[in-house]
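> The sequence and its predicted three-dimensional model are supplied below.
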Amino acid sequence: MFGNMGNMAGMMKKVQKLQADMAKLQEELKTRTLETTAGGGVVKVVITGEKQIQSLKIDPGAVDPADVEMLEDLVTAAVNEALKKVDDMMAQEMGKLTGGLNLPPGMF
């Protein structure tokens, strides 16, 4: 009878450790930066793990007043790719901690 309670207590300790490890990892990932480009490198975005754009660089050769729409598309593509990289990084690092457990979205 008490054996099951011991197993439950052990499992609770593991869950608490996992939660603490996840919180620590989330804080560490916030300080990381990722870089992505679009248009063969004419637009470059550096983003943090908190999804904050740290810098946006545009090659002057990409600025064509007659085709602002293309530049807008390149910036949009670079930012979207940067956001995807952050999500992928978070999922990969959390997956290492959870050992591939299927956790509900938003848990981390």
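Nice, thanks for sending it over.
> For the nearest residue to residue 41 once chain neighbours are set aside, which phi and psi angles does the backbone take?
The shortest distance from residue 41 to any non-neighbouring residue, by Cβ to Cβ, 6 or more residues apart in numbering, is to residue 59 (7.3 Å). In this view, the C-beta of every residue, glycine as well, is placed from N, C-alpha and C. For residue 59, the backbone dihedrals (degrees, to the nearest 10) come out as phi -60, psi 130.
> Now do residue 59 against residue 18, distance only.
Counting by Cβ to Cβ, to the nearest Å, the separation of residue 59 from residue 18 is 45 Å.
> what about residue 74, how many neighbours?
If you count neighbours by other Cβ atoms under 10 Å, residue 74 ends up with 19.
> Please read the previous query as pertaining to residue 33.
Each residue near residue 33 was counted by other Cβ under 10 Å, and the total is 13.
> Tell me what it is bridged to.
Beta-bridge pairing for residue 33 (DSSP bridges): residue 48.
> isn't it right up against residue 46?
Yes - Residue 33 is within contact range of residue 46, at 5.5 Å (criterion: Cβ atoms under 8 Å).
> who touches both of the two?
Here residue 33 and residue 46 have residue 54 as joint contacts, going by Cβ atoms under 8 Å, 6 or more residues apart in numbering.
> so what's the residue nearest to residue 41 up against?
Shown in contact with residue 59 (Cβ under 8 Å, 6+ apart): 41, 42, 43.
> Show me what the last one bridges to in the sheet.
When bridges are called by DSSP bridges, residue 43 pairs up with residue 38, residue 58.
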